[in-house]
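**Student:** Can you look at this prediction? I've put the sequence above it.
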Amino acid sequence: MSASRVARSLSPFPRRPLPPSEEETSAQGLPSQRARAPLSLALTASLIALLLLLPLLYLLVRTLGIGQEAVDLLLRPRTLRILWNSLALTVAVTAVTLLLAMPLAWLTVRTDLPGRRLWSLLATLPLVIPSYVGGFALVATAGPKGMLQELLAPLGVERLPSIYGFPGALWILSLLTYPYLFLSIRSGLHSMDPALEEAARSLGHSPWQAFWRVTLPNLRPSMTAGALLVALYTLSDFGAVSLLRFNSFTRAIYVQYLSSFDRSLAAVLSLTLVALTMLLLVAERRIRGRTRYYRSSAGAVRHRRPIALGRWRWPALLFTLGLISAALLAPAGVIVYWLVRGLLAGEQLLPVWEAARNSVTAAGLAAVTVTALALPVAYFNVRFPGRLSNLVGQSVYIGYGLPGIVVALSLVFFGANFVPFLYQTLAMLLFAYAVRFLPQAMGTIRATLLHLNPRLEEAGQSLGLGPRAVFLRITLPLLRPGILSGLALVFLTTIKELPATLLLSPTGFTTLATQIWSATDEAFFARAAAPALLLLLVSALSILLIMSQEPGD
Amino acid sequence: MSFRDRLSRDRLSIASVVALLLLGAVLLAGCQVPAPQTTKESQASQEASKLVIYSGRNENLVGPLIQQFREASGIQVEVRYGGTAELAATILEEGKNSPADVFYGQDAGALGALNKAGRFAPLPQAILERVPERFRSRDGNWVGTSGRARVFVYNTEELTEDDLPDDHWGLTDPRWKGQVGWAPTNGSFQAFVTAMRVLEGEEKAREWLEAMIANDVQVYPKNTPIVDATARGEILVGLVNHYYLYRFIAEEGESFPARNYHPRGGGPAAMINVAGAGILDTAQHPEAAEKFVAFLLSETAQRYVAETTFEYPLVEGVPAHPMLTPLDQIPVPDLDLNDLDDLQGTLELLREVGALD
């Protein structure tokens, strides 16, 4: 190891941004690890990535044999325009969610904001609101003739300005997806070395300067991981954009599938979306950079003293409450309104316990399986950088960026024709969830892993542990914040998942999400209310369980 | 706390969350594991009296009906609910290995698409004859089970029926600028456009669509939000299927400020589409499947449909719900549902005029 490297690694916190020099690239691995990834790890991670690429294979199969028609469809000015629409919405939603999630995460993790644990819980819950429910609630409240207009009617307001199109889609998708960033940044803040900020402060930085020059750059992996989740969710969402009448690319894919049953043309459009996903992946990689984020000096992890907000407490509280009201209370209020109105009209509450049980079973198993599958992929990707591991790390995002219906139908195709004994079983459903949502767990684990100094692992090795023991006894326990966030994200997203659940679950397997969908689809709003509230409740309990495992205050 | 203690504590708590999640999931799953089958014979006899239905019709609408069939027949019925188009696409992807016996869908378009792909087996004549010819497939491969009328839904606080135009062409009048809603992604709307192409010709259909767009027609994702928006006064008129209105009335009461109007001049906007069923060519339980389709056309089922889903019964002798205009009083166009199978053509037309992206 060169003298300069030693000097740098002993400095209290790494200079940033570090230039991504050749040396740095290889410095991510240590001499002992630079050699090669254990074959079993490389194989496992690659196999998982390959399986997750099945939808891509399906799309290629479906595209074969069509020529001119596909080219015509792709090159129509309208196609290019909706592609632009989707891209613009994606960028805008990502930017807005960053502005919402960053302060919220910082306030709830680092400061003495009153009630911060409660706010953390509530701020996470919008994740479980299916986007078609969120969209419907927005139209019902803030639509041109919605509840808000009814309230303002005595003041002479006849009609509110239209929320349809870009503004409405931006509003609802931002409020439904900011928790991805929020959870991701939270785990970043938890796994960051507090000594970095303290050192910055002791060197004369103001708290504000310390935040900008130390905290923020250190959070880059968490932010890009969360932002990628938000961006790809936005790209593949159908429920919200269709209710808010925004012409996105995903909407066009649904229309092609569902109106004409022409699967080839839909496949061509889907492949375009894959290309867009890859573009975002490249962007993420560039922004994340190749810097080291782990703590390099020795030192004990200490209890962190919360920053006193002082008179900033009230604006901070106002911001937090405002966000939670818009994202959670407004939709929940509409749902309660449906319930009360239905009950008053004599609607009977249907038993939804079985659906609740199925939901928790499927989402719980999915959380554990998907996170377990994400672990080797993230570990391989971070600890053994190289062409293969980059490819593996990026390819798992393809399924996440595709519309749910495309993933579901591709697995219908492979399942029914090649593994009929697995088709429409719980195992198949879990696999579908992995294809759709593995990046959620991988992103948070990867971000935490980037904060973890490989020297700790090396120390274990030098003390005589094998690679497996090092992973189980050192890496895994230190990855706790990332694993917990991963479990939470996957749980919350799968519990509301619809297309794959409808097509791939065991026949007759109803979940809360399918119940809500089936009721709202035919305008039985009162019947949608009970499962929707139960969904919120069950999710709140699960998040509580997961959050109780975070480092205490 | 020593480093080692900390590690073991951390490991413990992660393990405990995972263990709790797994334990919970397994316990919950355990509650619903079906009783194990004891002998091969009982398995075989169960196999014979089994039936798998793919239902694009909503569980809230037909769930109780299927339960009645389950009880009356003793057949072990499994139902997969989903969107009509999604399930039709699923059957196409499943190919020969489809576990489905019956496809029960809510529009003639999806039934036609599966039939075109050769996925239906012929139905017995006795079943087909229960329904007038125009409500079933020409080759006898699927049959309509209930009727769904296209209507204009209108806001009763602003309009009376007399204010409304004779047919869909009247809606291109500047008086309705920005006041009409449609759902171009909706299967029933697309069936109406296909009907217009068949009845009035490609050019007239294009002209109407372009005139509507020029008249600032409002776009909605499907029927329900249109009825909702009409009642709230966001728009005055919506192009929808007839039965959604009655769901809103059932939930919100008679005072719900919207009603249906069957265009008095007839034409494609007054057409009747059907929900229907077909038996798959790969059905593993064809006998049970036939029983089920026959049940859907029984008087019991037809009465249920009339009273609960507010659709039109198609079997002679079963009256429609008293709130509805009787089927024979609607100026229905002379249209064969079998001619509505050019879905891609309609989609292309909608794209060309800019109704769809």
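**Tutor:** Nice, thanks for sending it over.
**Student:** can you map out the strands along the stretch 251-400 of chain A?
**Tutor:** In order along the chain, the stretch 251-400 of chain A carries no strands (DSSP state E, counting those that start in this stretch).
**Student:** so where do the helices sit in it?
**Tutor:** Using DSSP state H, counting those that start in this stretch, the helices of the stretch 251-400 of chain A run over A:263-288, A:313-324, A:330-344, A:353-383, A:387-395, A:398-401.
**Student:** Of all those, which one is nearest chain B?
**Tutor:** Ranking those by proximity to chain B (CB to the nearest CB) places helix A:353-383 first, at 3.8 Å. For glycine as for every other residue, the C-beta is placed from the backbone atoms N, C-alpha and C.
**Student:** most tightly surrounded among the helices of the stretch 251-400 of chain A?
**Tutor:** For those, the largest average neighbour count (mean count of other CB atoms under 10 Å in any protein chain shown) is found in helix A:398-401, namely a mean of 26.
**Student:** which SS class is the residue of the stretch 1-150 of chain A found nearest chain B?
**Tutor:** Nearest residue of the stretch 1-150 of chain A to chain B, counting by CB to the nearest CB: A:Lys145, 3.9 Å away. Assigned by DSSP: H, G, I helix; E, B strand; the rest coil, the conformation of A:Lys145 is coil.
**Student:** residue ranges of the strands in the stretch 1-150 of chain B, please?
**Tutor:** Counting by DSSP E, counting those that start in this stretch, the stretch 1-150 of chain B has strands at residues B:50-55, B:76-81, B:102-105, B:120-121, B:142-155.
**Student:** Contacts (any at all) between chain A and the last one?
**Tutor:** When you say that, I think you mean strand B:142-155. No - residues of strand B:142-155 contacting chain A under CB under 8 Å from any CB of the partner chain: none, with a closest distance of 10.2 Å.
**Student:** next structured bit after that strand?
**Tutor:** As assigned by DSSP states H and E, the chain's next helix or strand after strand B:142-155 is strand B:180-182.
**Student:** and that following strand, what other elements does it pack with?
**Tutor:** Helices and strands touching strand B:180-182, by 3 or more CB pairs under 8 Å, 6 or more residues apart in numbering or on different chains; DSSP states H and E, are strand B:218-219, helix B:223-232, strand B:237-241.
**Student:** now the ones you listed in JSON lines, with mean pLDDT, mean neighbour count and distance to chain A?
**Tutor:** What follows is the helices and strands packed on strand B:180-182, written out as JSON lines (pLDDT from 0 to 100; neighbours: other CB atoms under 10 Å in any protein chain shown; distance: least, CB to the nearest CB, whole Å):
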{"stretch": "strand B:218-219", "mean pLDDT": "90", "mean neighbour count": "19", "distance to chain A": "5"}
{"stretch": "helix B:223-232", "mean pLDDT": "91", "mean neighbour count": "25", "distance to chain A": "4"}
{"stretch": "strand B:237-241", "mean pLDDT": "96", "mean neighbour count": "28", "distance to chain A": "11"}
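**Student:** Nearest to A:Gly401, out of those?
**Tutor:** Closest of those to A:Gly401 is strand B:218-219, at 25.8 Å (criterion: CB to CB).
**Student:** Identify all contacting residues around the closest one.
**Tutor:** Strand B:218-219 is contacted by residues A:245, B:178-184, B:229, B:234-235, B:355 when judged by CB atoms under 8 Å, 6 or more residues apart in numbering or on different chains.
**Student:** same thing but 6 Å
**Tutor:** If you take CB atoms under 6 Å, 6 or more residues apart in numbering or on different chains as the criterion, strand B:218-219 is touched by A:245, B:181, B:235.
**Student:** Over to stretch B:125-142?
**Tutor:** The contact list for stretch B:125-142, computed with CB under 6 Å, 6+ apart, reads B:111, B:115, B:120, B:122-123, B:143-144, B:274, B:276, B:278, B:293-294, B:297, B:314-315, B:336, B:338.
**Student:** Show me just the buried residues among the residues you listed.
**Tutor:** The neighbour-count test (16 or more other CB atoms under 10 Å in any protein chain shown) marks B:111, B:115, B:120, B:123, B:143-144, B:274, B:276, B:278, B:293-294, B:297, B:314-315, B:338 as buried among those.
**Student:** got a list of what the residue positioned nearest the centre of chain B touches?
**Tutor:** Centroid-nearest residue in chain B, with CA atoms, centre = their mean: B:Gln106, separated by 2.8 Å. Contacts for B:Gln106 (CB under 6 Å, 6+ apart) come out as B:56-57, B:84, B:275.
**Student:** Check it and give its pLDDT.
**Tutor:** At B:Gln106, the model reports a pLDDT of 89.
**Student:** before we move on, what about A:Pro14?
**Tutor:** For A:Pro14, the pLDDT comes out at 40.
**Student:** if we can go back for a sec, find the nearest non-adjacent residue to the residue of the stretch 1-150 of chain A closest to chain B, please.
**Tutor:** Nearest residue to A:Lys145, sequence neighbours excluded (CB to CB, 6 or more residues apart in numbering or on different chains): B:Arg232, at 3.9 Å.
**Student:** measure the one you found to A:Gln461 for me?
**Tutor:** B:Arg232 is 67 Å from A:Gln461, where distance means CB to CB, to the nearest Å.
**Student:** coming back round to it: which one of the contacts of strand B:218-219 is nearest A:Arg311?
**Tutor:** Nearest to A:Arg311 out of those is A:Arg245 (CB to CB; 43.7 Å).
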